[in-house]
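Enquirer: Compute the structure for the input listed below.
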Amino acid sequence: MTTPIPSALQIMQDLAARRASGSPIGETMGLIATAAEHGKVVLQATPDQRHLNPAGAVHGGFAATCLDGAAALALFTPLPLDASYSTVDLNVKYVRPLTAGQAYKSCGWLVERTRSLAICEADIRDDDGKLYAKASATLMVKER
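Expert: This is a model prediction of the structure:
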């Protein structure tokens, strides 16, 4: 009996249900998948001392990486496993600064996809739904 190959969506749902471990960048950033459906993912992250800039504030790169990850993983969910994708551009709007030690949710969703490009959006919010950053991403897609 052959074990079926999981879909990209199933991989993300396994990550969200803690049935699988995440990627090295997820471990570095402290990103944890909490939900996944077709074209949408939710990640949770809590910036800590490792994510501070010399002025003691959470570095904007932390937010940008969370947004890029959420957008890219939203695209990943409907793709075949042999497809590859990469970010072409990421446009981030920072609304308010993140605070070290506070948990945030990064939600990413697929807006539109052609054969070779995808547009995704993502945002970062706190548990009260307050917006901290928003991004639009264009990603290149290559299906084999």
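Enquirer: from here on, contacts and neighbour counts on C-alpha atoms
Expert: Will do.
Enquirer: Mind listing residues that contact the least confident helix or strand in the chain by mean pLDDT?
Expert: Here the helix or strand of the chain ranked lowest by mean pLDDT, DSSP states H and E is helix 24-29, holding a mean of 88. With contacts defined as CA atoms under 8 Å, 6 or more residues apart in numbering, helix 24-29 is touched by 32, 45, 47, 62.
Enquirer: Which ones among the residues you listed lie within helices?
Expert: residue 62 (DSSP state H).
Enquirer: Including pLDDT and distance to residue 26, could the contacts of helix 24-29 go into a markdown table?
Expert: Formatted as a markdown table, the contacts of helix 24-29 follow (pLDDT from 0 to 100; distance: CA to CA, whole Å):
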| residue | pLDDT | distance to residue 26 |
| --- | --- | --- |
| 32 | 93 | 7 |
| 45 | 96 | 9 |
| 47 | 96 | 12 |
| 62 | 97 | 12 |
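Enquirer: Kindly state the beta-bridge partners for the closest residue to residue 94 other than its chain neighbours.
Expert: Residue nearest to residue 94 in three dimensions, not counting chain neighbours: residue 133, with 4.5 Å by CA to CA, 6 or more residues apart in numbering. Beta-bridge partners for residue 133, by DSSP bridges, are residue 94, residue 124.
Enquirer: can you count the residues close to the closest residue to residue 125 other than its chain neighbours?
Expert: Among residues not flanking residue 125 along the chain, residue 131 sits closest, at 4.6 Å (CA to CA, 6+ apart). Neighbour count for residue 131, taken as other CA atoms under 10 Å: 16.
Enquirer: Can you tell me the SS state at residue 102?
Expert: At residue 102 the chain is in coil, as set by DSSP: H, G, I helix; E, B strand; the rest coil.
Enquirer: where does it fall, phi/psi-wise?
Expert: phi -100, psi 140 (degrees, to the nearest 10).
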